[in-house]
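> need coordinates for the below:
(one chain, ligands or ions: 1)
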Amino acid sequence: MISIVGTCLGLVVAALGFGFSSAPGWRDHRLPAWSALMLSGYSATNSVGSMAGTSDALVSLCSRGSMIFITLFCACWVAYGALFLEGRSQVLDRTVLGLLGLVALLAPWPGILYTSEVLFFEVPWLKLIYRTLNPTLLGDAALGLLCLSLLLPLVRLGRAWWRGEADVGPVVLGMALNLPVGINDSLVVARVITMPLLTEVSLMTLVALFGVQMTRRFVANAKSLEELRVALEEKVSQRTAELTRMQAVLMRHEKLAAIGQLAAGVAHEINNPSAAVAANLRYLREELAGGRLPEDSGECIDESLASVQRISRIVRQLLDAGRAAAAPAPSGSHEVASAADAALATVRAANTRPITFTLNVPRGLYTLSSQDLLEQVLVNLLSNAIQAISPDRTDGEVRVEALRDGERVRIRVSDNGVGMSQDVQQRLFGPFFTTKALGMGTGLGLFVSLGLLRTVDGTIHVESTPGQGSTFTVELGWAPPPLAPPAPVALSKPQARPRLLLVDDERSVRESLRRTLQGRFEVTLASGPEEALRRVEEPGGFDVVLCDMTMPEGGGPAFHRELCARDATLARRTVFYTGGVTSTEARDFVARYPLPVLEKPFDLGAFLKLVDEVLPAGSSSGQ
Ligand code: ADP
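Sure, this is the predicted structure:
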C-alpha cells in the first residue's frame, strides 16, 4: 500500500517539478524532479516485490531494480546539493557521485552486491513480511554509502538555509529524517531490532517536502510578481505623467518656434514693401516741403499703393491660413481665364528671368470659387514655378492650362525647372516648409493655397521629377456661366453729402479714412465708442456710421448694442470693418451681423455700395 502511494506521489511531484523547471529561474528543480521519478520507480519495484506469492526470481529482479532506483535517487540529491557550493571545490561530491554510479552499474549483476538468497524479515506486531536478496559484504558497503551520501546534500542545503541564502528548509528537514531511518533499517537488517523498514517512507517524506518547498517558492514568486506589477504600474503612470508634461513643454516650445519662424517670414515679407512706401513718402514730403510737385509723384503713389496692397495680401494670406476652415462658401461663378490672366500679369511684372509663359485657358470656363482665391493660388504656383527655373537658363517654360472634366475644372501649372525629390513632395504642403534660401521663402504659399482650396471644396496635388520639372494640378467645382456679367459699381452724383460718423481708435487710420471719404461725406471723427455715442446724441445726427470692430471699451459689438438702444435706424446703417477678428464675441457678432463686415484695408467701392444699400434713395454717397 505504502509503495503504491510512493509511486503515485513520485509521479505527481516529478510532473510538477519538470513543469516548473521550464520557467525562468526554476531550472534547478530538474534534479529533485528526477529524484521524485526515481522514488516512483523504487516504490513500483518494491510494490511488485512485496506482493504475496511473488516468486524468488521476481523478488531478486525487484531487489536489484530497487537498488538501482534508490542509488540514482541519492545521486540526484548529491548533485542538487553540489549546486549550492557555488564555485567551491566539488571533489567530494563528484567522488560520491562516481561511487553511486558504480553501485548502480554493479547492482544488476548477480553475486556482486547480492547473493541469490532471499531473506525474510517479519514484523509480527504489524503483520509485515519483507522479502529481499541477501546483500554481500560489498552490498552492505553500498547500502552504507547510500545512507551516508545523503549527508552531503544535507550539509550543503542546511548551510544555505541557515545563512538565509535559499528557502530549502523543508528539504533539509526531510534529509535529516534519513539519519535515524538509516540507523533503524540497518538494525532491522542486522536483526537487532524488530521494526518495520522505514527507508521508503522517509524517501517519500523527502519528496513530499520537496513538493511543499516548491509550492512555497511558487507562492513567494507569485507574491513578488504581484508586488512587481504594482510597482511597475506605479512607475508607468509616473513616467506617463512625466511624458505628458514633457509633451506639453515640447508643444509649447514648438509653438514658440513656429511663431518665431512665422514672425521672421512675415517680417521679411512686410518689411520690403513698407520700406518702399516709407521711402516714397519721405521723397514726396521733401519735394513738397521744397515747394515742388515731382513729375514722378503719380508713379510714387502707385508704387506705394501696390506695396500696401502686397502687405495687406500677406496679412490676408496669414488670416486665411488660420481661418481657412471657417471661410465663407463661394458665391457664384468666377471665370478661370480672368483669374489666370491677372495672376500671370502679377508674376510677369516681377519676373526678370528669360522664361516663356504659355497660357492655355479657354474663355467662358467658370468655377465655384472666388476670383481672389483662385488668383492667389495661381500667383503662388506661378511664383514657385518661376523660382524653380534657374536664372541662367534660357529655355525656361511655365504653362498654365485649364479644362473641364465633368463637374470639375482642372487647372495645371507646370514648369521645366529643378523638380522635387519624393521627400520634398511629401512635405511641401506643410506650414513653414521651404527649401529656399533664408528670406526667400516663408513656406506658407502652398500651405495657404491648400487651406484656401479646401474652403471651396478644391484639391491640389503635385507630380514632379527631379531635374525635369513639376506640375501642380488644382481641381475645383465647375460652375455654369453667370446670366449677366457683374455690373461695375455705379456711383451716382450726390444730392447732398451724407453725414458720416467715423469711429476708430487709431489716429492714423481715422485721418487717412477722413481724407479718402471727405469728398463724398460730411465726416465726423470719434476715437472710440464712448465719444461716438456722445456725438450721436448731439444735434444734427448722422446718415451712416463707419466703425472699427476692435477697439477698447468693448469695441464694435458694445458700441452697436448701445447705438441700438439710442438710435435704431442709425444702428441699421452702421458699416463695420476689421483688421482681423480675434475674440469669440467678435466672431459671433460678425456672423450675426446683417451687413457684410469689411476687411482692412477695405475697398472704397465695396463701402460705397454698402452705403447705397443702407441709405434711403436720394441720400446716396456716390457720384
Ligand atoms: P515658399 O515658396 O515660401 O518656399 P511654398 O509653400 O510656396 O513656400 O513652397 C514650399 C516648397 O515647395 C518650396 O520651398 C520648394 O522647395 C517647393 N516647391 C514648390 N513649388 C515648386 C516647383 N514648382 N518646383 C520645385 N519646387 C517647388
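> drop to CA atoms for contacts and neighbour counts, all remaining ones
OK.
> which SSE is the residue nearest the centre of the chain in?
Nearest to the mean C-alpha position of the chain, by Cα atoms, centre = their mean, lies Q247 at 10.3 Å. With elements taken from DSSP states H and E, the one containing Q247 is helix 199-289.
> any part of that helix near the ligand?
No. Using Cα under 6 Å from any ligand atom, helix 199-289 stays clear of the ligand, with a minimum separation of 8.6 Å.
> find the closest residue to the ligand in the stretch 1-150 of the chain.
P24 (56.0 Å; Cα to the nearest ligand atom).
> which bits of the chain sit near the ligand?
So far as Cα under 6 Å from any ligand atom goes, the chain lies against the ligand at 384-385, 388, 418-420, 428, 433-436, 441-447, 470.
> quick one: low-confidence ranges for the stretch 451-600 of the chain?
Applying pLDDT under 70 to the stretch 451-600 of the chain flags residues 483-495, 582.
> taking it, what residue is nearest to the ligand?
Counting by Cα to the nearest ligand atom, the stretch 451-600 of the chain gets nearest to the ligand through S470 (5.3 Å).
> now the stretch 101-250 of the chain
L250 (24.5 Å).
> mind checking which of the residues of the chain next to the ligand land in strands?
S470 (DSSP state E).
> still on that earlier bit, burial check on the residue of the stretch 101-250 of the chain closest to the ligand, number of neighbours?
When neighbours are defined as other Cα atoms under 10 Å, L250 has 12 of them.
> measure it to L243 for me?
With the distance defined as Cα to Cα, to the nearest Å, L250 ends up 10 Å from L243.
> common neighbours of those two, please.
Shared contacts of L250 and L243, defined by Cα atoms under 8 Å, 6 or more residues apart in numbering, are absent.
> count of residues packed around the residue of the stretch 451-600 of the chain closest to the ligand?
Using other Cα under 10 Å: S470 sits among 22 other residues.
> contacting residues around it?
Contact partners of S470, counting by Cα under 8 Å, 6+ apart, are A385, S414, D415, N416, G417, V418, G419, M420, V462, E463, S464.
> is it bridged to anything, and to what?
Taking DSSP bridges as the rule, S470 bridges to D415, S464.
> measure it to Q387 for me?
12 Å.
> and what of W77?
Distance from W77 to Q387, by Cα to Cα: 86 Å.
> these two: which is more packed in?
Neighbour totals were compared for W77 and Q387, and W77 leads with 23 against 17 (other Cα under 10 Å).
> give me the three-state assignment for that one.
helix (DSSP: H, G, I helix; E, B strand; the rest coil).
> these two touch, right, it and L150?
Yes. W77 is within contact range of L150, at 7.0 Å (criterion: Cα atoms under 8 Å).
> residue contacts, the closest residue to P135 other than its chain neighbours?
Closest residue to P135 apart from its sequence neighbours, by Cα to Cα, 6 or more residues apart in numbering: Y114 at 4.2 Å. The contact partners of Y114, by Cα under 8 Å, 6+ apart, come to A107, L133, N134, P135, T136, G139.
> of these, buried ones?
Buried by 16 or more other Cα atoms under 10 Å: A107, L133, N134, P135, G139, out of those.
> so can I have a markdown table of these showing secondary structure, pLDDT and distance to P362?
Formatted as a markdown table, the buried ones among the contacts of Y114 follow (DSSP: H, G, I helix; E, B strand; the rest coil; pLDDT from 0 to 100; distance: Cα to Cα, whole Å):
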| residue | secondary structure | pLDDT | distance to P362 |
| --- | --- | --- | --- |
| A107 | coil | 90 | 110 |
| L133 | strand | 84 | 118 |
| N134 | strand | 85 | 120 |
| P135 | strand | 86 | 119 |
| G139 | helix | 88 | 116 |
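> and the residues you listed, which two are furthest apart?
For these, the farthest-apart pair by Cα to Cα is A107 and N134; their separation is 12.6 Å.
> what's opposite V409 in the beta bridge?
Bridge pairing for V409 - DSSP bridges - gives R404, L476.
> mind pulling the model confidence for it?
What the model reports for V409 is a pLDDT of 95.
> do you know how far V172 is from L209?
9 Å.
> the closest residue to P601 other than its chain neighbours: how many residues sit nearby?
Spatial nearest neighbour of P601, chain neighbours left out: S312 (6.9 Å); criterion: Cα to Cα, 6+ apart. A count of nearby residues for S312, using other Cα under 10 Å, gives 18.
> sticking with S312, tell me its helix or strand.
helix 297-323.
> helix or strand next in line after that helix, which one?
Immediately after helix 297-323, counting by DSSP H and E, sits strand 334-335.
> packing partners for that following strand?
If contacts are counted by 3 or more Cα pairs under 8 Å, 6 or more residues apart in numbering; DSSP states H and E, strand 334-335 sits against strand 366-367.
> the strand it packs on packs against which elements?
Going by 3+ Cα pairs under 8 Å, 6+ apart, strand 366-367 lies up against strand 334-335, strand 469-479.
> mind giving me the packing neighbours of the helix or strand following the longest one?
On the C-terminal side of strand 469-479, the nearest following helix or strand under DSSP H and E is strand 499-503. Secondary-structure packing of strand 499-503 (3+ Cα pairs under 8 Å, 6+ apart): helix 507-517, strand 522-526, helix 529-537, strand 544-548.
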